[in-house]
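1. model this:
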Amino acid sequence: MHWRDLLVELVGRDLKIRYQRSAIGLGWSLMKPLSQLIVFATVFSSVLPLNIENYTTFVFAGVLAWSWFSSSLTSATVAVTSNREMVRRPGFPVFLLPVLTIVSQGVHFLLALPLLLICAFIQTGFSGPALLALPAIIAVQFLFTLGLCFIAAAVHVYFRDIEHMIGVAVMLGFYVTPVFYRPLQSDHNFAFLTTANPFAWLLDCYRTVLLDHAFPDAILIVKLLLVSVPLIAFGAWLFRRVSYRFVDEV
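-> Reported below is the predicted structural model:
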């Protein structure tokens, strides 16, 4: 389809512009998750040990998945307002702009994924058939993220404070989601931060595959789909409903 070819062209252009005249180019996309990994692995393994088995793989999976999510959401929020020329171009499929941000950030995720797999192999061995579940988990994360991105991008056109609100929410979300610490037990006073947090469910799926060498709990996958599918349906509906006024608002 035409829009798929256009999406590929836009992703290529976005990556080329971002790393133009850069000595290591796409290599910079690995710097943030790797630097976070080094900090967390050092601090919470040696300085303030959390006593989590195979902690490097544990935290690497969390940081990598969260980085893709957070960078996609913050970029997608301004995807419409920062691309005025495209929005005003007749016939341009505006709905591609939030998708573009997720796919572009997803390239960085996929580039770092082999490092995560190598790390998991060194610490826990080969995950075997359980690795077949990874594409499904990645697809679910894509759907969940896209639903939020559609909503954030649409609302930001009319309410510019949403950019700052998303930034604060992403920062807080990092700390209330078990990215670098183990999920809270059900008897904990703040257990809802794990049990009612879709991203905590997603991280559990990644870690089950990489650390336990098992397929993720089917119940978690169903719960994620029950959240993601309505979210993306509502987000796409909202974005399409208000997009006809984008030209006037941007």
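2. Please identify the helix or strand for the most centrally placed residue in the chain.
-> Nearest residue to the geometric centre of the chain (Cα atoms, centre = their mean): residue 69, 1.8 Å. Using DSSP states H and E, residue 69 falls within helix 55-77.
3. Just the residues contacting the helix or strand that that helix is followed by, thanks.
-> The C-terminal neighbour of helix 55-77 among helices and strands, as given by DSSP H and E, is helix 84-87. For helix 84-87, contacts defined as Cβ atoms under 8 Å, 6 or more residues apart in numbering pick out 80, 92, 94, 97, 246-247, 250. To be clear about C-beta, it is placed using only N, CA and C from the backbone, and glycine gets the same treatment.
4. The helix holding residue 69: which residues count as buried?
-> For helix 55-77, a neighbour-count test (16 or more other Cβ atoms under 10 Å) marks 55-77 as buried.
5. about what we covered before: so which of the contacts of helix 84-87 is the closest to residue 199?
-> When those are ranked by distance to residue 199 (Cβ to Cβ), residue 97 comes first, at 23.2 Å.
6. Now that closest one: closest residue in space that isn't a chain neighbour?
-> Distance criterion Cβ to Cβ, 6 or more residues apart in numbering; nearest residue to residue 97, sequence neighbours excluded, is residue 79 at 4.0 Å.
7. hang on, isn't that neighbour packed against residue 95?
-> No - applying Cβ atoms under 8 Å as the test, residue 79 and residue 95 come out as separate, 10.2 Å apart.
8. Tell me which of these two has more neighbours.
-> Neighbours were counted for residue 79 and for residue 95 using other Cβ atoms under 10 Å; residue 79 has more, 25 against 17.
9. phi, psi of the more buried one?
-> Residue 79 adopts backbone torsions of phi -60, psi -40, taken as degrees, to the nearest 10.
10. That one: what's it in contact with?
-> 97-98, 100-101, 149, 153.
11. Quick one: name whatever helix or strand follows the lengthiest helix in the chain.
-> Longest helix of the chain, by residue count under DSSP state H: helix 96-124. Using DSSP H and E, the helix or strand that follows helix 96-124 towards the C-terminus is helix 134-158.
12. And the helix or strand following that next one, how far out from the chain middle?
-> For helix 134-158, the following helix or strand on the C-terminal side (DSSP H and E) is helix 162-176. Chain-centre distance of helix 162-176: 13 Å, with Cα atoms, centre = their mean, to the nearest Å.
13. List the contacts of helix 162-176.
-> Residues outside helix 162-176 that contact it (Cβ under 8 Å, 6+ apart) are 66, 70, 73-74, 77-78, 152, 155-156, 193, 197, 199.
14. Could you measure from residue 76 over to residue 199?
-> Plainly put, residue 76 is 16 Å away from residue 199 if you go by Cβ to Cβ, to the nearest Å.
15. related to what we said a few turns ago, can you tell me which of the contacts of helix 84-87 are buried?
-> 80, 94, 97, 246.
16. Could you find the lowest-pLDDT member of those?
-> On pLDDT alone, residue 246 ranks lowest of the buried ones among the contacts of helix 84-87, at 86.
17. What helix or strand is that one located in?
-> Assigned by DSSP H and E, residue 246 falls in helix 246-249.
18. got the contact list for that helix?
-> Contacts of helix 246-249 (Cβ under 8 Å, 6+ apart): 80, 87-88, 94, 157-158.
19. Model confidence score at residue 27, please.
-> Looking at residue 27, its pLDDT is 63.
20. list the contacts for the nearest residue in space to residue 136 that is not next to it in sequence?
-> Excluding the flanking residues, the one nearest residue 136 by Cβ to Cβ, 6+ apart is residue 221, at 7.3 Å. Contacts for residue 221 (Cβ under 8 Å, 6+ apart) come out as 136, 140, 205.
21. and the second one, how many neighbours?
-> Meaning residue 140. Around residue 140 there are 22 other residues, counting by other Cβ under 10 Å.
22. so what's it closest to, chain neighbours aside?
-> Distances taken as Cβ to Cβ, 6+ apart place residue 224 nearest to residue 140, at 5.0 Å, with adjacent residues excluded.
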